[in-house]
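Peer 1: Sequence isn't available, so here's the structure alone:
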């Protein structure tokens, strides 16, 4: 028996990673995009940063990316930038990752998802907005008709925060949302169940990242129900959760009738040969699955090869 872990941390392809916002998206490839790149400017005075943002906001002829990754904004900085972006007509993508933003800063920046703003992508990853910040964001999502991509990776969000988000989505918030990244939080079975239930009738969601959220078989059952009901989801990541064979079996059952999912990431999910065989059986009857990643589990190489061959066969028909 082999524990597969080579290339384990290879990033997901597509919309999950922040870097694709500059290199992989349709908007980012457009030559008219203006990038206000303030990444790593932690030694700048706040008002200098604000001045750079104002320059972009005033040029309404451009579609702009505001990248403020690792600027140590904290809550005061977040509030100041939110003020500057009032009446914004040109910034369509906002990156606020790794800025020590907590609940207060998240509340201030949440207004950016309002439909009166042109913002379609927001990255709040590697902050500390927690459940309170998530609640503020969820309240604003009711008018977020333009929001397409939301990254909330590693924000100390627990089940209550996930419930707040789920409640908003179930009421029709963010109706055009394409990708949601909640990786490295702790929403547990309870939060995953509420969130997946809310997404069952969502007509646009194509990518969902729930890696490292401390859920188990019960959460996997909710994910499986979503897989069985979705008409839009193409990429799903649930790695590094203890879903085990029971979770693999739940997902296998609904995977057989799923028509849209092309990539499923289940690395390091405590799955052994029994779960691997269930998944292999499901893939044999699914003509759309092009990648099922099971690295970091305890599955015999022969089963992994069989799954890889089935996925390769599906890819060749695309």
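Peer 2: Received it, and whenever you're ready, just let me know what you need. Keep in mind the model is a prediction, meaning the values are calculated, not measured.
Peer 1: only C-alpha atoms for contact and neighbour calcs from this point on.
Peer 2: Fine.
Peer 1: bridging residues for residue 237?
Peer 2: Here residue 237 sits in beta bridges with residue 209, residue 265, going by DSSP bridges.
Peer 1: Quick check: it vs residue 208, distance?
Peer 2: 6 Å (CA to CA, to the nearest Å).
Peer 1: can you check residue 200 too?
Peer 2: 12 Å.
Peer 1: same deal with residue 161?
Peer 2: Distance from residue 161 to residue 208, by CA to CA: 16 Å.
Peer 1: Who are the contact partners of residue 166?
Peer 2: Neighbouring residues of residue 166 by CA atoms under 8 Å, 6 or more residues apart in numbering: 194, 195, 196, 197, 198, 199.
Peer 1: Which of these fall within helices?
Peer 2: 194, 195, 196, 197, 198, 199 (DSSP state H).
Peer 1: Buried only: go through the residues you listed for me.
Peer 2: Neighbour-count burial (16 or more other CA atoms under 10 Å) applied to those gives 194, 195, 196, 197, 198, 199.
Peer 1: pretty sure the first one contacts residue 163?
Peer 2: Same thing as residue 194. Yes - under the criterion of CA atoms under 8 Å, residue 194 makes contact with residue 163 at 6.0 Å.
Peer 1: so can I have CSV of the buried ones among the ones in helices among the contacts of residue 166 showing distance to residue 140?
Peer 2: Formatted as CSV, these follow (distance: CA to CA, whole Å):
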residue, distance to residue 140
194, 19
195, 17
196, 20
197, 20
198, 17
199, 18
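Peer 1: Using CSV, lay out the residues you listed together with pLDDT and distance to residue 289.
Peer 2: As requested, these are exported to CSV (pLDDT from 0 to 100; distance: CA to CA, whole Å):
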residue, pLDDT, distance to residue 289
194, 98, 26
195, 98, 23
196, 98, 20
197, 97, 23
198, 97, 24
199, 97, 20
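Peer 1: May I have the phi/psi pair for the residue nearest the centre of the chain?
Peer 2: Nearest to the mean C-alpha position of the chain, counting by CA atoms, centre = their mean, stands residue 181 at 1.5 Å. Main-chain torsions, residue 181, degrees, to the nearest 10: phi -120, psi 110.
Peer 1: give me every residue that touches it.
Peer 2: Going by CA under 8 Å, 6+ apart, residue 181 touches 16, 150, 151, 152, 153, 208, 209, 210.
Peer 1: what's the farthest-apart pair in those?
Peer 2: 150 and 210 (12.9 Å; CA to CA).
Peer 1: Having no further points to raise, I will conclude here.
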